[in-house]
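K.L.:
sequence unknown, structure follows:
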């Protein structure tokens, strides 16, 4: 991939029908490919959401 995604990077990921911004908290290589764990800040939510995406779904913000 052309953009560098590492812990602390601000990224954009798909979330429902829209894309949202978040911060990378973990990057790991699994037998199924690279997975990126992202902490998302969802407008109107009381807490941040942490979820994992395949590397292909993550774009640098």
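P.N.:
Great, that's in hand. Remember, it's a predicted structure, so these values are computed and weren't measured experimentally.
K.L.:
does residue 51 have beta-bridge partners, and which?
P.N.:
Beta-bridge partners recorded for residue 51 (DSSP bridges): residue 38.
K.L.:
what sits against it?
P.N.:
Contact partners of residue 51, counting by CB atoms under 8 Å, 6 or more residues apart in numbering, are 37-38, 40. C-beta here means a position set from N, CA and C on the backbone, and glycine is covered the same way.
K.L.:
Now with 10 Å, please.
P.N.:
Shown in contact with residue 51 (CB atoms under 10 Å, 6 or more residues apart in numbering): 13, 15, 22, 36-40.
K.L.:
quick one, phi/psi of residue 57?
P.N.:
Torsion angles at residue 57 (phi, psi; degrees, to the nearest 10) stand at phi -90, psi 0.
K.L.:
Would you check that it makes contact with residue 20?
P.N.:
No. With contact defined as CB atoms under 10 Å, residue 57 does not reach residue 20; the gap is 11.9 Å.
K.L.:
how long is stretch 48-59 end to end?
P.N.:
19 Å (CA to CA, to the nearest Å).
K.L.:
I'd assumed residue 56 was in a helix, is it?
P.N.:
Yes. The assignment for residue 56 by DSSP: H, G, I helix; E, B strand; the rest coil puts it in a helix.
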